[in-house]
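Chemist: Just a sequence and a predicted model for now, questions to come.
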Amino acid sequence: MAALSSSTHCRSSAYSRYALSSSASSSLNGQPRRVGFSSSSSSLPQRFFPAKLSLQCRRNSHQNLVFMQDGAVATAAAQTENETSLKELKNGLFSGPSLEESKDAVDFDVSEDESTVSITVVGASGDLAKKKIFPALFALYYEGFLPKHFTIYGYARSKMTDAELRNMVSRTLTCRIDKRENCDEKMEEFLKRCFYHSGQYDSQENFAALDKKLKEHEGGRVSNRLFYLSIPPNIFIDAVKCASSSASSGNGWTRVIVEKPFGRDSESSAALTNALKQYLDEDQIFRIDHYLGKELVENLSVLRFSNLIFEPLWSRQYIRNVQLIFSEDFGTEGRGGYFDHYGIIRDIMQNHLLQILALFAMETPVSLDAEDIRNEKVKVLRSMRPLRLEDVVVGQYKSHTKGGVTYPGYTDDKTVPNDSLTPTFAAAALFIDNARWDGVPFLMKAGKALHTKRAEIRVQFRHVPGNLYNRNFGTDLDRATNELVIRVQPDEAIYLKINNKVPGLGMRLDRSNLNLHYAARYSKEIPDAYERLLLDAVEGERRLFIRSDELDAAWSLFTPLLKELEEKKIIPEYYPYGSRGPVGAHYLAARYNVRWGDLNLER
Ligand SMILES: NC(=O)C1=CN([C@@H]2O[C@H](COP(=O)(O)OP(=O)(O)OC[C@H]3O[C@@H](n4cnc5c(N)ncnc54)[C@H](OP(=O)(O)O)[C@@H]3O)[C@@H](O)[C@H]2O)C=CC1
Ligand SMILES: O=C1O[C@H](COP(=O)(O)O)[C@@H](O)[C@H](O)[C@H]1O
């Protein structure tokens with residue numbers, strides 16, 4: 001039996017997050033490969049396990065894996081046996097000794113003491129680190145999801161002491177609305193685990209000094225290291241080179257989270273991937289798309305594949321069109337320098353919206369394993385037609401005064417050239433040329449400085465054939481079709497618009513929503529996307545990260561269009577700050593007999 005594979009899972013279902021992960025695929029530079037635990041906890045939080053099947057895994061004194069379920073314990077000496085036991089547990093077939101009968105299971109927690117995870121936030125002085133990464137790490141710590149031995153290092157060029165980093169970080173930490181108990185105490189404990197090392201991104205020496213400090217914290221345990229590259233893309237490669245050569249783990253895994261943008265087009269993306277692969281294996285690279293970590297995006301597959309009623313409708317036979325809508329009610333203020341080089345199509349469409357589309361449209365994966373899901377996503381992307389100029393409308397916001405307040409135009413930003421043609425808005429029609437989706441328009445719309453902040457998926461169903469109630473709907477039959485709305489943010493909800501009879505003696509029809517409104521249904525605060533993704537990276541779970549072939553396929557769809565827009569210097573349609581965007585988007589939709597669902601007053 002070979003050593004544990006890189007994803008030997010100890011989980012109650014593919015959705016459980018705590019995995020036993022070997023470092024086999026992860027050590028760098030030909031270092032010996034040893035099995036290490038990606039994480040283990042003596043009291044794994046219940047929320048990742050289905051109510052009926054509460055599994056925990058850890059090592060016992062004999063270094064065997066121990067699965068515990070509702071007071072029952074199974075030990076297994078080898079991977080095969082582990083899997084068998086896990087299956088038995090899942091199927092409710094396992095009848096091992098009770099927890100009381102097995103001292104091993106309760107008395108030993110060797111794995112927690114033998115391994116450690118160090119998380120280095122490269123670019124710790126920056127906006128994303130402060131706004132998202134440190135708060136997400138704290139939330140994970142607070143909820144008990146970080147392993148017993150963990151250390152967080154901030155790394156950047158800015159000069160800072162540990163105390164200054166802690167002070168900076170403490171200003172951005174918040175407690176969950178529903179969990180304030182001991183929060184200050186927890187914050188203090190968390191901050192004690194945060195340290196800072198100042199260094200250049202291209203200095204082997206500086207990374208070697210970081211390595212030395214990490215080793216001191218690791219105290220001889222199996223060291224697992226996660227580097228989060230929260231830096232501008234032009235320095236990704238320098239940082240990866242130095243981190244891999246001078247600060248990778250010698251005996252555990254080393255993983256690198258890479259932030260977007262992953263290039264500007266097919267060529268630059270391929271160049272970035274090739275450069276990264278000089279220093280890292282593909283399975284060490286975690287390309288983050290934080291939209292994949294959003295609760296309702298993750299729920300998409302659950303909705304489709306665990307409800308009988310949706311999947312049979314999920315095709316050209318019943319669906320007229322699908323809309324993926326992203327809008328923000330603020331401009332690019334403060335990020336103009338970055339944004340002008342990329343524009344809205346690269347910033348939102350090519351990644352966030354396309355990823356949602358792929359999850360929405362993919363065939364049923366063989367399993368919930370990362371590779372099975374990513375295989376299906378790639379198939380969808382490769383079945384799509386590259387975008388043509390005529391299928392796209394681009395816009396740019398201009399200054400607008402409302403209620404005595406003047407909102408700046410895009411080019412009013414000092415970091416943006418006055419004659420910039422960079423789109424801050426785009427609408428596009430995409431098509432998937434496969435049996436399921438042939439002819440169904442997938443419309444995308446993304447914009448900055450619009451009237452609202454929102455991200456949603458709208459699925460518009462076909463007309464009811466031979467509808468007995470047609471005359472009750474008036475002339476606009478489109479208004480009577482069903483629409484499923486998955487509101488990703490804000491105020492998460494999934495609702496289905498249906499027709500019903502208004503109570504009374506007459507026969508008047510009404511439109512109503514069957515509504516799963518998360519705030520009303522669940523009292524628990526929804527975790528930020530970065531929490532889920534950071535936890536997955538610590539556990540070696542790749543399902544929500546982008547594989548290189550997905551990335552290639554995504555760029556192939558957009559690169560010809562992006563080149564044409566730039567070469568032909570297409571002038572964007574200007575729209576006032578705070579408006580609903582260019583009217584061209586309506587004409588584009590109308591060409592495919594589509595009406596944007598977000599413009600209906602009833603929404
Ligand atoms: N901010 C956000 O909301 C989002 C950001 N991202 C991506 O995340 C990454 C980080 O974003 P963000 O935190 O906003 O970036 P910042 O511009 O804040 O940069 C992060 C840190 O990198 C260092 N840095 C900045 N510019 C340079 C440079 N030219 N050369 C060397 N070092 C530099 C600075 O640290 P120091 O000077 O101390 O070394 C800075 O604090 C980027 O790739 C971005 O595209 C993705 C999604 C959203
Ligand atoms: O990746 C990006 O996402 C944000 C929007 O993220 P959200 O989670 O706040 O919806 C966007 O503002 C930014 O331009 C883009 O780079």
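Modeler: All right, it came through fine. Ligands and ions are numbered 1, 2, ... in the order given.
Chemist: Double-check that E267 belongs to a helix.
Modeler: Yes - looking at E267 with DSSP: H, G, I helix; E, B strand; the rest coil, it is inside a helix.
Chemist: any idea how far it lies from ligand 1?
Modeler: Applying Cβ to the nearest ligand atom, to the nearest Å, the value for E267 to ligand 1 is 19 Å. The C-beta positions use only the backbone N, C-alpha and C, and glycine is treated the same way.
Chemist: Quick one: residues contacting that residue.
Modeler: T559 (Cβ atoms under 8 Å, 6 or more residues apart in numbering).
Chemist: Now the nearest residue in space to R580 that is not next to it in sequence, what are its backbone angles?
Modeler: Sequence neighbours aside, H451 is the residue nearest to R580 in space, at 5.6 Å (criterion: Cβ to Cβ, 6 or more residues apart in numbering). Dihedral pair for H451: phi -80, psi -10, per degrees, to the nearest 10.
Chemist: and the next element down the chain from the helix or strand harbouring F360?
Modeler: Per DSSP states H and E: F360 is located in helix 354-361. Scanning forward in sequence from helix 354-361 by DSSP H and E, the next helix or strand is helix 370-382.
Chemist: Quick one: list the elements packing against that next one.
Modeler: Applying 3 or more Cβ pairs under 8 Å, 6 or more residues apart in numbering; DSSP states H and E, we find helix 370-382 packed against helix 354-361, helix 548-567.
Chemist: Out of those, indicate the one that is most buried.
Modeler: helix 354-361 (a mean of 23; mean count of other Cβ atoms under 10 Å).
Chemist: what's the closest non-adjacent residue to the closest residue to ligand 1 within the stretch 101-250 of the chain?
Modeler: Using Cβ to the nearest ligand atom, the single residue of the stretch 101-250 of the chain nearest to ligand 1 is G126, 2.4 Å away. Leaving aside its sequence neighbours, G126 sits nearest to S230 (Cβ to Cβ, 6+ apart; 5.7 Å).
Chemist: so the one you found makes contact with K130?
Modeler: No - here S230 lies out of contact with K130, judged by Cβ atoms under 8 Å, at a distance of 9.5 Å.
Chemist: So for those two, which sits in the more crowded spot?
Modeler: S230 (26 against 18; other Cβ atoms under 10 Å).
Chemist: got a list of what that one touches?
Modeler: S230 touches V121, V122, G123, A124, G126, L128, A129, I133, E259, counting by Cβ under 8 Å, 6+ apart.
Chemist: Against G263, how distant is the second one?
Modeler: When distances are taken as Cβ to Cβ, to the nearest Å, V122 and G263 turn out to be 19 Å apart.
Chemist: Which one's more surrounded, the two?
Modeler: More neighbours surround V122 than the other of V122 and G263, with 29 against 19 (other Cβ under 10 Å).
Chemist: Show the model's pLDDT score for that one.
Modeler: With respect to pLDDT, V122 scores 98.
Chemist: who touches it in this structure?
Modeler: Y155, A156, Y201, F227, Y228, L229, S230, I231, A239, A243.
Chemist: Beyond the host helix or strand of the first one, next helix or strand please.
Modeler: Think Y155. Here Y155 sits within strand 150-156, counting by DSSP H and E. Following strand 150-156 in sequence order, the next helix or strand is helix 162-170 (DSSP H and E).
Chemist: how big is the angle separating that next one from strand 150-156?
Modeler: Interaxial angle of helix 162-170 relative to strand 150-156 (axes from the mean of the first three to the mean of the last three Cα atoms, to 10 degrees): 100 degrees.
Chemist: what's the distance between helix 162-170 and the middle of its chain?
Modeler: 27 Å (Cα atoms, centre = their mean, to the nearest Å).
Chemist: Could you count how many residues lie near the residue of the stretch 501-603 of the chain found nearest ligand 1?
Modeler: The nearest approach of the stretch 501-603 of the chain to ligand 1 comes at Y530, 9.8 Å away (Cβ to the nearest ligand atom). Y530 sits with 23 neighbouring residues when counted by other Cβ under 10 Å.
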